[in-house]
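S.K.: Below is the structure, and that's it, no one-letter string:
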Ligand SMILES: [Zn+2]
Ligand SMILES: [Zn+2]
């Protein structure tokens, strides 16, 4: 059974796999990310009884977008994402979001990418999603987005940082492996920009929420 847990007022975290391996979030009535396509039935069951009016993607890597088509069809909701993710979403092929399309991960992405789905709305810096503001944070992928709520300093940062190592499964803060990141320096700059917001709660695509801003600063401090 997929777990729905409270993170902050109006913010629920949905983790369909063990160890917080992949997270999606319900921000008010907007679902953020759709998982990889496995476990979509469990996701839909967990969302039963909750109002969901749209799906917004942090980015179109297969582990966040693979389930988009099934979720949007089942709930009858539109899909929103960043402009630069749109070709991957509408082609069902995220391989071009990786730094080297010839590498194994890009081929895996091509195979595991969800079915194509139309983008109903392009999200841009400053747009509103529920009670959150969209932040354009390119780097991990060209059209990566984060979601920020100033009033209680809640941040959903997608895959700019991981809070669990997807290979060793160790619980730790880390930058995603380079082969997963479209522009590593740009992604690092996005992480520093978000840390400067002094988030009280940081929600990740992978790993549990972090409630210690000092830890984030310590991690990003130059060695
Ligand atoms: Zn990613
Ligand atoms: Zn991911």
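M.R.: Sure, I can see it. Remember, it's a predicted structure, so these values are computed and weren't measured experimentally. Ligands and ions are numbered 1, 2, ... in the order given.

S.K.: Just list what the lowest-mean-pLDDT helix or strand in the chain packs against, helices and strands only.
M.R.: The weakest-scoring helix or strand in the chain, judged by mean pLDDT, DSSP states H and E, is helix 104-112 (a mean of 79). Other helices and strands packing on helix 104-112, by 3 or more C-beta pairs under 8 Å, 6 or more residues apart in numbering; DSSP states H and E, are helix 62-65. Using the backbone N, CA and C atoms, a C-beta is placed for each residue, glycine as well.

S.K.: How about residues contacting the helix it packs on?
M.R.: If you take C-beta atoms under 8 Å, 6 or more residues apart in numbering as the criterion, helix 62-65 is touched by 22, 24, 33-37, 57-59, 85, 88-89, 94, 108-109, 112-114, 158-159, 205.

S.K.: Tell me the helix or strand right after the least confident helix or strand of the chain.
M.R.: strand 121-123 (DSSP states H and E).

S.K.: What lies in contact with that next one?
M.R.: 54, 56, 78, 80, 81, 82, 83, 86, 129, 134, 145.

S.K.: pull the longest helix from this structure.
M.R.: For the chain, the longest helix by residue count, based on DSSP state H, is helix 184-195.

S.K.: What is it packed up against?
M.R.: For helix 184-195, the packing partners by 3+ C-beta pairs under 8 Å, 6+ apart are strand 145-149, helix 213-220.
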